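*Asks:* please work out how this folds:
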Amino acid sequence: MPVFLFFVFGAALAVSSIASALMTQEVNQNLGKKQQLSWWGRDTSEVYIQYRERYPQSPLPIVARYSFWFCMALLAVFLVYEMFAD
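*Replies:* Numbers count the residues shown, from 1 in each chain. Modelled structure (predicted):
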């Protein structure tokens, strides 16, 4: 069970990272050199907002935002499992 949770955690984290990178790349292609957003910025809400304005039907902002919280929930399940496992 812990190995399975670890792999699911890694997959969800990869999906979140890839979705955020794709959105940042797409937003930066449409902005000028001085307006481009940082690749390593911690605040991704500006990327989500600008991407949602350009592509209102895309599920990427929702996937990227909630996959992080899904990862945190999986981490909590893993820690509780490890605390009470025999």
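
*Asks:* pLDDT score for Gln57?
*Replies:* Note for Gln57: predicted pLDDT of 91.

*Asks:* does Tyr51 touch Pro61 like I think?
*Replies:* Yes. Counting by Cβ atoms under 8 Å, Pro61 is a contact partner of Tyr51 at 5.7 Å. (C-beta placed from N, C-alpha, C; glycine too.)

*Asks:* now for those two: what residues contact both?
*Replies:* Common neighbours of Tyr51 and Pro61 (criterion: Cβ atoms under 8 Å, 6 or more residues apart in numbering): Met23.

*Asks:* for the protein, longest helix please?
*Replies:* helix 2-29 (DSSP state H).

*Asks:* and the helix or strand following that one, what does it pack against?
*Replies:* Next along the chain after helix 2-29, taking DSSP states H and E as the criterion, comes helix 45-54. For helix 45-54, the elements it packs on are helix 2-29, helix 60-84, judged by 3 or more Cβ pairs under 8 Å, 6 or more residues apart in numbering; DSSP states H and E.

*Asks:* buried sites along helix 45-54?
*Replies:* 47-48, 50-51 (16 or more other Cβ atoms under 10 Å).

*Asks:* looks like Phe78 contacts Phe6 (just checking).
*Replies:* Yes. Look at Phe78 against Phe6 with Cβ under 8 Å: they come within range, at 7.2 Å.

*Asks:* more neighbours: which of the two?
*Replies:* A side-by-side neighbour count of Phe78 and Phe6, using other Cβ atoms under 10 Å, places Phe78 first with 17 against 13.

*Asks:* grab the nearest non-local neighbour of the more buried one.
*Replies:* Spatial nearest neighbour of Phe78, excluding adjacent residues (Cβ to Cβ, 6 or more residues apart in numbering): Leu5 at 4.6 Å.
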